[in-house]
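S.K.: show me how the following folds:
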Amino acid sequence: MSSFTVDEMKEVHKRLSDIIADASQELADLQGMSAFVGGLDLDGEDQQLLVDAAASARGRRNMGTAAKTAAETKAECERLYAEVQSKMGRAWMKKYDLQVQKRALDAEAKA
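M.R.: Numbering: from 1, shown residues only. From the prediction side, this is the model:
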C-alpha cells in the first residue's frame with residue numbers, strides 16, 4: 001500500500017467520488033438508450049429498410065461505415081454498461097482502500 005498524507009487522501013477521495021458520479025450518469029444514459037432501442041418495434045423488413053437508408057445517406061456524405069441495427073446497438077449499449085459498471089466497482093474498491101489507509105494513519109497519529 002502506498003502512503004498518503006491526509007490532504008492527498010482528501011484529494012484522491014474527491015476524485016474517486018467524481019469518477020463514481022460520472023460513471024453513475026453514464027450508466028443512466030446507457031440504460032435510457034438501451035430502453036429506447038429495445039422499445040423499437042421493428043420487424044426485420046422495416047429494420048433492414050432503415051439500415052439501408054442510413055447506409056445510403058452515409059455513403060453520399062462520405063461518412064464511412066453503415067448504421068448499426070437495433071440489436072447491434074443494444075448489444076453495444078450492454079457491453080458499454082458492463083464496462084462502466086466495472087470501472088465504477090474499481091473506483092469503489094480504491095475508495096475503500098483509501099479509507100483503510102486513513103484509519104491506519106489516524107491510529108498511528110493517536111499512538
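S.K.: how about Phe4, secondary structure?
M.R.: What DSSP: H, G, I helix; E, B strand; the rest coil gives for Phe4 is coil.
S.K.: kindly report the same for Met88.
M.R.: helix.
S.K.: show me the contacts for it.
M.R.: Applying Cβ atoms under 8 Å, 6 or more residues apart in numbering to Met88 gives the contacts Ile19, Ile20, Ala23, Ser24, Leu27. For every residue, glycine as well, the C-beta is placed using N, CA and C.
S.K.: Glu8 versus the spatially most central residue of the chain, what's the distance?
M.R.: For the chain, Val84 is the residue whose C-alpha lies nearest the centre (Cα atoms, centre = their mean; 3.0 Å). Going from Val84 to Glu8 by Cβ to Cβ, to the nearest Å gives 27 Å.
S.K.: circling back: which of the helices or strands spans the residue nearest to the centre of the chain?
M.R.: helix 70-110 (DSSP states H and E).
S.K.: got the angle for the helix or strand that contains Lys14 vs helix 70-110?
M.R.: Secondary structure assignment for Lys14, by DSSP H and E: helix 6-39. Orientation of helix 6-39 against helix 70-110 (axes from the mean of the first three to the mean of the last three Cα atoms, to 10 degrees) gives an angle of 160 degrees.
S.K.: against which helices or strands is helix 6-39 packed?
M.R.: The contact analysis (3 or more Cβ pairs under 8 Å, 6 or more residues apart in numbering; DSSP states H and E) places helix 6-39 against helix 70-110.
S.K.: average pLDDT for the helix it packs on?
M.R.: For helix 70-110, the mean per-residue pLDDT is 88.
S.K.: before we move on, what about stretch 22-34?
M.R.: Throughout stretch 22-34, pLDDT has a mean value of 90.
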